[in-house]
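> here is my input, please return the structure:
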Amino acid sequence: MPEHRTEPVTPDDLLAEVGRASGLGERATLVQVSSAFCAPCRAARTVLARVAEEPGVRHVEVDVAGHEALAARLDVRSTPVVLVLDAHGRVRERLDGVPRLAWLRAAVGRVAPA
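Numbers count the residues shown, from 1 in each chain. From the prediction side, this is the model:
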């Protein structure tokens, strides 16, 4: 089987895919890579929305349909995938699957202490 190599995803890549209009959170941005018929994605959305209520934290959801190139570069093999970006758009944390509320709050705290 050939080795699969991808280039790292830059903050500009993420902003281009997510949409510059949505912007980044002042402290952190939670990017959820989802698919339309994914039950765990709905659960992840609920957890991310709760953490995004914190000041300076934004939640952005990206559907793999229509963003296949980004999903490939992020090596998304199943959904959901949660990325925690710092204020500059750099991926600082990643979780494949539904995050626990405590983990996600701690990840945001590590990325952007209050």
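> so Ala72 sits in a strand?
No: secondary structure of Ala72 (DSSP: H, G, I helix; E, B strand; the rest coil): helix, not part of a strand.
> distance-wise, check it relative to Val64.
Using C-beta to C-beta, to the nearest Å, Ala72 is found at 9 Å from Val64. Bear in mind the C-beta positions are built from the backbone N, C-alpha and C, glycine included.
> looking at the two, which one has more neighbours?
Val64 (21 against 12; other C-beta atoms under 10 Å).
> quick one, grab the pLDDT at the closest residue to that one other than its chain neighbours.
Nearest non-adjacent residue to Val64, counting by C-beta to C-beta, 6 or more residues apart in numbering: Ala71, 4.5 Å away. If you check Ala71, the pLDDT there is 85.
> same check, this time on Ala106
Ala106 is given a pLDDT of 97.
> give me the element it is part of.
Using DSSP states H and E, Ala106 falls within helix 101-111.
> what segments of the protein are helices?
11-18, 39-51, 68-73, 101-111 (DSSP state H).
> which other helices and strands contact the third one?
In terms of contacts (3 or more C-beta pairs under 8 Å, 6 or more residues apart in numbering; DSSP states H and E), helix 68-73 is packed against helix 11-18.
> can you rerun that using 10 Å?
In terms of contacts (3 or more C-beta pairs under 10 Å, 6 or more residues apart in numbering; DSSP states H and E), helix 68-73 is packed against helix 11-18, strand 28-34, strand 57-63.
> same deal with the second one?
On a contact count with 3+ C-beta pairs under 10 Å, 6+ apart, helix 39-51 meets strand 28-34, strand 57-63, strand 81-86, helix 101-111.
> relative to the first one, what are the paired strands and their orientations?
The one in question is strand 28-34. If you go by DSSP bridges, strand 28-34 pairs up with strand 57-63 (parallel), strand 81-86 (antiparallel).
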